[in-house]
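> Next come a sequence and a model predicted from it.
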Amino acid sequence: DVDFSLSFLLQNMAVKATDEGRLVGVSIGSPVYPEYLADLLKAAEVAKTRKWRDNLLLLAHLQRSANVLDRFRVDRCYDIEILAVHPDYRGHSIGRRLFEEQFRQGKILGYPLASADCSSYFSARIAERVGMECVAKLAYADYRDDSGVQLFRPKEPHLEVQTFAKVL
């Protein structure tokens, strides 16, 4: 949901990469806090579209399984929600630099931990290269609704969501 994502711009949790004034990459962070899982589930109940609801429920599932707050014994975490690089600029370390800038921003804001749910094979490889630890995995084929229908079917090589964390 655009409003949800844009709300983090006001919290200094977004970074961008530009080339001669052209936006070529963006990353948006958001806070994870003890009530975050419950808030995701509440938001899913009132989601305006099925797609947004399914995304929120997936995020809730990932939060529950990775449980980064308890795992790292912290009371809040800087979650890197979105990492996107323009196709013409991929392979130039922009994703890595966006991650690193998010870590810097998380430290400035006083977060003890950063996390990221990497839904892309490529963002997961970047997370590994910047020193994040994989703490949970979920194969898309294993994530289904109550009727047994697989909800997300991305193209290969994107076979799983991996949750990463890094102490700041």
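Yep, that arrived.
> okay, now Phe152: neighbour count?
15 (other C-beta atoms under 10 Å). Backbone N, C-alpha and C define where each C-beta goes, glycine included.
> List the contacts of it.
Asp54, Leu58, Tyr140, Tyr143 (C-beta atoms under 8 Å, 6 or more residues apart in numbering).
> at 10 Å what do you get?
Listed by C-beta atoms under 10 Å, 6 or more residues apart in numbering, the contact partners of Phe152 are Asp54, Asn55, Leu58, Ser119, Leu138, Tyr140, Ala141, Tyr143, Arg144, His158, Val161.
> ChimeraX command for the buried members of these?
Applied in ChimeraX, the following selects the buried portion of the contacts of Phe152 according to 16 or more other C-beta atoms under 10 Å:
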select :54,55,58,119,138,140,143,158,161
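> so of the contacts of Phe152, which ones are in helices?
Per DSSP state H, helices hold the following members of those: Asp54, Asn55, Leu58.
> and the nearest residue to the last one once chain neighbours are set aside, what does it touch?
In this case it means Leu58. In space, and not counting its chain neighbours, Leu58 is closest to Tyr143: 6.6 Å by C-beta to C-beta, 6 or more residues apart in numbering. Counting by C-beta under 10 Å, 6+ apart, Tyr143 touches Asp54, Leu57, Leu58, His61, Leu62, Gln150, Leu151, Phe152, Glu160, Val161.
> Please repeat the previous calculation with a cut-off of 7 Å.
Listed by C-beta atoms under 7 Å, 6 or more residues apart in numbering, the contact partners of Tyr143 are Leu58, His61, Gln150, Leu151, Phe152.
> Might one say that the fourth one is in contact with Asp145?
Yes - with contacts counted by C-beta atoms under 7 Å, Leu151 reaches Asp145, the gap being 5.7 Å.
> Strands along the chain, start to end?
For the chain, strands defined by DSSP state E occupy the ranges 14-19, 22-32, 77-85, 113-118, 133-139, 160-167.
> Wait, Leu69 touches Gln63, no?
No - with contacts counted by C-beta under 7 Å, Leu69 stays clear of Gln63, the gap being 8.9 Å.
> higher neighbour count, those two?
The neighbour comparison of Leu69 against Gln63 (other C-beta under 10 Å) goes to Gln63, with 24 against 19.
> State the pLDDT value of that one.
Gln63 carries a pLDDT score of 94 in this model.
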